[in-house]
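Chemist: A structural model of the following input is requested.
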Amino acid sequence: MRLRVVACNCGNSEPHRRFETDNRRETEGFFSIAQGMRILNDMLNSGEIIQTTDETAATIEELKNSGLPSSEQLTEREISEAVNKLMEFPIYMRQGLMQKAVLEGIITTDIADRIVLKLAEVEGNAIPFD
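Modeler: I've put the predicted structure just below:
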């Protein structure tokens with residue numbers, strides 16, 4: 001199955017893309033090549049799509065040429081905003097929220113690590129989670 005990398009027209013001002021199939025079905029949007037690769041791998045591994053080796057190589061090449069950054073890049077301000085949001089939740093929920101965000105591809109483990117370290121710094125804890 002041929003997948004194309006197309007611009008997302010959802011209204012979000014951040015540059016991002018979606019995959020589109022031949023029958024015009026679209027995936028959720030992604031903001032980096034790494035996030036797009038996770039979506040592609042999930043689709044292939046689940047059997048949602050079937051591609052030949054050549055089709056997968058073409059999809060990956062198109063993804064690499066999409067103009068998106070290779071990984072999510074967050075500024076220190078954005079990390080601080082994430083920490084502030086996370087602090088709104090009880091301590092016992094924070095680890096699960098971070099794990100869910102990583103599993104759903106919302107953030108990478110590197111970004112999660114940055115958020116956890118900043119949270120520890122803000123709260124004065126050496127280790128914010130078990």
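Chemist: Strands of this structure, start to end?
Modeler: 3-7, 17-21 (DSSP state E).
Chemist: domain assignment for the chain?
Modeler: Split into domains by automatic domain parsing, the chain comes to 3-64, 76-123.
Chemist: Report the separation between the two terminal residues of the first one.
Modeler: With CA to CA, to the nearest Å as the measure, the first residue of domain 3-64 is 13 Å from its last.
Chemist: Now do it, average pLDDT.
Modeler: Per-residue pLDDT over domain 3-64 has a mean of 89.
Chemist: thinking residue 102 is in contact with residue 110, fair?
Modeler: No. Contact criterion CB atoms under 8 Å: residue 102 and residue 110 do not qualify, at 9.9 Å. Any C-beta I mention is one placed from the backbone N, CA and C, and that applies to glycine too.
Chemist: Ok, which of the domains of the chain comes nearest residue 70?
Modeler: domain 3-64 (5.0 Å; CB to CB).
Chemist: Between residue 102 and residue 110, which is the more surrounded one?
Modeler: Shown here are residue 102 and residue 110; by other CB atoms under 10 Å, residue 102 has more neighbours (16 against 13).
Chemist: how about a markdown table for the domains of the chain, with distance to residue 70 added?
Modeler: Output for the domains of the chain, formatted as a markdown table (distance: least, CB to CB, whole Å):
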| stretch | distance to residue 70 |
| --- | --- |
| domain 3-64 | 5 |
| domain 76-123 | 11 |
